[in-house]
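Asks: 3D, please:
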Amino acid sequence: MEEEELKNTGEQGKYKPGIAKRIEAIRPYMYKKGQSGNPSGRPKGISLKEYAKLKFVTMTDEEKEEFLDGLSKDIIWEMGEGRPDSKTEMSGDMTINIAPEDKEKIKNVIRNESTNH
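Replies: Residues are numbered from 1 along each chain as shown. Below is the predicted model:
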């Protein structure tokens, strides 16, 4: 029977004996191309982020201090202000080494793109 199943899937000889049988056993549960991994969407109710905000708002000042004592200053800053922007600006020259055979391919692509536009 295993041999017949493998003929139908076109995977004969692709896997070691015994593995093909296990793969066929789980095939109905594997994701299919174009299929959503979460077809019913986000679960109802509040998110963990919303829950944490609500919990923090309902804490007493003493509870908040105790909670914050266990966190680094960076984490506390990010909680209040968000992550700082990390805009990196660079200037200068950059050298890229390209193999001679690839240079011709690149030139051809550039020529083709310039003639198509």
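Asks: which residues are contacting the longest helix along the chain?
Replies: For the chain, the helix with the greatest residue count under DSSP state H is helix 100-116. Applying C-beta atoms under 8 Å, 6 or more residues apart in numbering, the external contacts of helix 100-116 come out as Ile98. Quick note: C-beta positions are derived from backbone N, CA and C, even for glycine.
Asks: how about it: buried residues?
Replies: Counting neighbours by 16 or more other C-beta atoms under 10 Å, one finds that helix 100-116 has no buried residues.
Asks: in the protein, which residue is most central in space?
Replies: Residue closest to the mean C-alpha point of the chain, counted by C-alpha atoms, centre = their mean, is Gly37 at 13.0 Å.
Asks: secondary structure element holding it?
Replies: Assigned by DSSP states H and E, Gly37 belongs to no helix or strand.
Asks: CA atoms only: put whichever strand or helix holds Tyr51 into CSV for me.
Replies: Assessed by DSSP H and E, Tyr51 sits inside helix 48-57. Provided in CSV are the C-alpha atoms of helix 48-57 (Å, rounded to 0.1, in the frame of the first residue of the first chain):
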residue,chain,number,x,y,z
LEU,A,48,-1.6,40.5,26.2
LYS,A,49,-0.4,44.0,25.6
GLU,A,50,-3.8,45.4,26.5
TYR,A,51,-3.9,43.2,29.5
ALA,A,52,-0.5,44.4,30.7
LYS,A,53,-1.6,48.0,30.3
LEU,A,54,-4.8,47.4,32.2
LYS,A,55,-2.9,45.6,35.0
PHE,A,56,-0.3,48.4,35.3
VAL,A,57,-3.0,51.1,35.4
